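**Student:** I'd like to go over a predicted model; first the sequence, then the structure.
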2 protein chains.
Amino acid sequence: MIPKTIERVGSSIRLIAQTKLPLEMTYLEITDYKDIIGAIKRLDVRGAPAIGIAAAYGLALAVEHADSITPEYITKVADEIKAARPTAVNLVWAVDRVLKRLANENRVSKADIAALFWDEAEKIHEEDRRLCKNIGLNGAELIRDGDSILTHCNAGALATGGIGTALAVIYTCQEQGKKIKVYADETRPLLQGARLTSWELMQAGIDVTLLCDNAAATLMRQRSVDHVIVGADRIVANGDFANKIGTYPVAVMAREHGVPFYVAAPYSTFDQQIPSGRDIVIEMRAPEEVTEGFGKRTAPEGVNVFSPAFDVTPHELVTYYITDEGLTPGGRKK
Amino acid sequence: MIPKTIERVGSSIRLIAQTKLPLEMTYLEITDYKDIIGAIKRLDVRGAPAIGIAAAYGLALAVEHADSITPEYITKVADEIKAARPTAVNLVWAVDRVLKRLANENRVSKADIAALFWDEAEKIHEEDRRLCKNIGLNGAELIRDGDSILTHCNAGALATGGIGTALAVIYTCQEQGKKIKVYADETRPLLQGARLTSWELMQAGIDVTLLCDNAAATLMRQRSVDHVIVGADRIVANGDFANKIGTYPVAVMAREHGVPFYVAAPYSTFDQQIPSGRDIVIEMRAPEEVTEGFGKRTAPEGVNVFSPAFDVTPHELVTYYITDEGLTPGGRKK
């Protein structure tokens, strides 16, 4: 079974507690919007689309479970939710979308506003499910029965309200009866590949093999990989894209070995405001994620650390962009 | 100060307890040869040259501290030491070299044999120091004041009886008054870069920055790396070489970005018996090193793991081989 990251259950929200994965599969049953904020802050829910959906549901919970509401209360709650994580674009976008719906429709009673918020949150969730589904269908056209696919980080069900982006292609192939073998880069420093991707693929009964990021080149050299599929955090106007650190060297190795390289993302990940990858600002992460990421210090005290969260892959290394709308060729010549 | 991995102190041997690094710097003072075997097995001493030197000293300790000796005793001790680790070529080579010296010289008394063994062990150690020194001098010719060097794994003082192989170049530059900046790949799964390379460079007062293996490509792309220097476990007849997993993608990225790529190794690492890299057999490591390497499980139970210990870098990616004898051009065209 593909895990359901976030679900409405009556007037509560059920989230997979992702910080417990892969050791424990537990759900958080949430009725208080403050617990949605907590889950976002703690990374119990992560991935831009999933955060956006959780935020929209959070607004609905805040109205549904309030004794009474005022316009000031709604504004305060919206601001609190938007501040849960500093740089998540979808968080602000989803909250604003719910508020805009309220501004456009003249509702006054608590019950009416709650119904409106639930409806808009479900629309956002449903739209995300459809985007994931269409990405999966479009990408699956590229994959034959028996193929092997390498992926990096987690662009799966656990990051979205549906079946993921890069992993949507794999789930769709499975549904179509194609037998697929997946290789998952562990993805240092935070190990999303080890903790999340391998877990969710195993839950769905897909053949997955975990490897250290630096072993992917050997796999490609021995011709064990037919395709590489990754997600994206931001795809800019010229087709360059930012994704989890380590994506760029995978793309270079894929070209070196003639392995096609695909980026799977919905239309909302495309950012026409930024002309090229050179203009993308890259967040630097805390040294401790590298030096004591496993609960134990593994590097000398005081060592300098270089730890960018993302890297930029130029469009020349992309074979296809797999979007909800179809397949768009990238700039790779062979 | 460059750490002294192994030292004779009177009739005992002092080893850095490497399994305690980087959290604690402690020495093992060893008089019983069985403790040398224990240190090799536990990886308190590691790196092919350092293991060979420890093994030779172990034979000397076994004679020095025995009440009386017989030819059978010496054979038994030699076999025990050779069996300390299964695939360490230098271990067998060093023990056999000490035994051959005994066979060639007619010594009978315990004191005479002990003196002979100490002498041969010290010759092996001294030879290794000289090899390291010459590698350092030859490699330093390639490096200018102010350059930045990326390295992978630990080919340093901690792996040899001297100042290392790849890191010998860096220590020699420092001695020559060149200011060098070093980037150390952490080197998953066992983190030799984080635990050992960054530690020994900091001990020597060298500017070192640690990074996840998958961030090295970003460093090269932003032109922060002037040279890559790595060690080698085996260099075969056509110049292809095996080294710690992750070396091959670093070599590809170096060519991609026009960064010269050097392999530093003594003559003894060259193996003319094997024609090409395709013929090198690669050891696979235990899945637990990837899934629970640091005392905490970070991947689902039962996940498949692909974890080769080494990869093979083709000679076409090598700019120079830096050996104790000089610089030999590799097959890289630009």
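**Tutor:** Cool, got the structure.
**Student:** So what's the residue count around the closest residue to A:D147 other than its chain neighbours?
**Tutor:** Of all residues not flanking A:D147 in the chain, A:D226 sits nearest, at 4.2 Å (C-beta to C-beta, 6 or more residues apart in numbering or on different chains). C-beta: built from backbone N, CA, C; applies to glycine. Applying other C-beta atoms under 10 Å in any protein chain shown, we find 18 residues neighbouring A:D226.
**Student:** State the paired neighbours of the helix or strand bottoming out on mean pLDDT in chain A in the sheet, together with their directions.
**Tutor:** Least confident helix or strand, chain A: strand A:270-271 with a mean of 90, by mean pLDDT, DSSP states H and E. According to DSSP bridges, strand A:270-271 forms sheet pairs with strand A:234-236 (parallel).
**Student:** For the strand it pairs with, give me every contacting residue.
**Tutor:** Residues from elsewhere that reach strand A:234-236 (C-beta atoms under 8 Å, 6 or more residues apart in numbering or on different chains): A:241-242, A:263, A:265, A:269-272, A:274-277, A:279-280, A:321.
**Student:** how about the helices in chain A?
**Tutor:** In chain A, the helices defined using DSSP state H lie at A:33-42, A:48-64, A:71-82, A:89-104, A:110-140, A:166-175, A:192, A:198-203, A:216-221, A:247-256, A:288-291.
**Student:** now the least confident helix or strand of chain A: how far from the chain's centre is it?
**Tutor:** 15 Å (C-alpha atoms, centre = their mean, to the nearest Å).
**Student:** what's the answer for stretch A:122-129, then?
**Tutor:** Worked out by C-alpha atoms, centre = their mean, stretch A:122-129 lies 15 Å from the chain centre.
**Student:** buried stuff in it?
**Tutor:** Using 16 or more other C-beta atoms under 10 Å in any protein chain shown as the test for burial, stretch A:122-129 gives A:E122, A:I124, A:H125, A:E127, A:D128, A:R129.
**Student:** Can you add pLDDT and give these back as a markdown table?
**Tutor:** Compiled in a markdown table, the buried residues of stretch A:122-129 are given as follows (pLDDT from 0 to 100):
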| residue | pLDDT |
| --- | --- |
| A:E122 | 98 |
| A:I124 | 97 |
| A:H125 | 98 |
| A:E127 | 97 |
| A:D128 | 97 |
| A:R129 | 98 |
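**Student:** Which parts of chain A belong to which domain?
**Tutor:** Recorded structural domains for chain A (assignment: automatic domain parsing) are A:6-133, A:142-329.
**Student:** Between the ones you listed, which one is closest to B:N138.
**Tutor:** domain A:142-329 (27.7 Å; C-beta to C-beta).
**Student:** tally of neighbours for the closest residue to A:I69 other than its chain neighbours?
**Tutor:** Spatially, and ignoring its direct neighbours in sequence, A:I69 is nearest to A:K110 (5.2 Å; C-beta to C-beta, 6+ apart). By the measure other C-beta under 10 Å, the count of residues near A:K110 is 14.
**Student:** And for A:L158?
**Tutor:** A:L158, neighbours per other C-beta under 10 Å, totals 27.
**Student:** Surely it is in contact with A:I2?
**Tutor:** No. With contact defined as C-beta atoms under 8 Å, A:L158 does not count as touching A:I2 (9.7 Å).
**Student:** overlap in contacts of those two?
**Tutor:** Joint contacts of A:L158 and A:I2 (C-beta under 8 Å, 6+ apart) are A:E200.
**Student:** Quickly check: stretch A:307-323 near chain B or not.
**Tutor:** Yes. Judged by C-beta under 8 Å from any C-beta of the partner chain, stretch A:307-323 and chain B are in contact via A:S307, A:P308, A:D311.
**Student:** Enumerate every residue touching the first one.
**Tutor:** The one in question is A:S307. A:P189, A:I245, A:M284, A:R285, A:A286, A:P287, A:E289, A:V290, B:L211, B:C212, B:A215.
**Student:** ok, A:E64 to chain B distance?
**Tutor:** 36 Å (C-beta to the nearest C-beta, to the nearest Å).
**Student:** If you could redo that for A:M284, that was the one I meant.
**Tutor:** 11 Å.
**Student:** One more: A:A166?
**Tutor:** Counting by C-beta to the nearest C-beta, the gap from A:A166 to chain B is 17 Å.
**Student:** so that residue makes contact with A:A155?
**Tutor:** Yes. At 3.8 Å, A:A166 and A:A155 qualify as touching, with contact defined as C-beta under 8 Å.
**Student:** Where does the prediction get shaky in chain A?
**Tutor:** Scanning chain A for pLDDT under 70 picks out the ranges A:87-88.
**Student:** Could you rerun that using 50?
**Tutor:** Counting by pLDDT under 50, chain A contains no low-confidence residues.
**Student:** picking up where we left off before, correct me, but the residue nearest to A:D147 touches A:D145?
**Tutor:** No. A:D226 is not in contact with A:D145 according to C-beta under 8 Å; the separation is 11.1 Å.
**Student:** Spell out which parts of the stretch 101-250 of chain A neighbour chain B.
**Tutor:** Within the stretch 101-250 of chain A, the positions near chain B by C-beta under 8 Å from any C-beta are A:183, A:185-189, A:191, A:194-195, A:198-199, A:202, A:207-219, A:221, A:245-246, A:248-249.
**Student:** Just the buried ones among the residues you listed, please.
**Tutor:** Listed as buried from those are A:183, A:185-189, A:191, A:194-195, A:198-199, A:202, A:208-219, A:221, A:245-246, A:248-249; burial here means 16+ other C-beta under 10 Å.
**Student:** In contact with A:F294: list those residues for me.
**Tutor:** Contacts of A:F294 (C-beta under 8 Å, 6+ apart): B:G293, B:F294, B:G295, B:K296, B:T298.
**Student:** my guess is A:T328 meets A:Y320, correct?
**Tutor:** Yes. A:T328 is within contact range of A:Y320, at 6.6 Å (criterion: C-beta under 8 Å).
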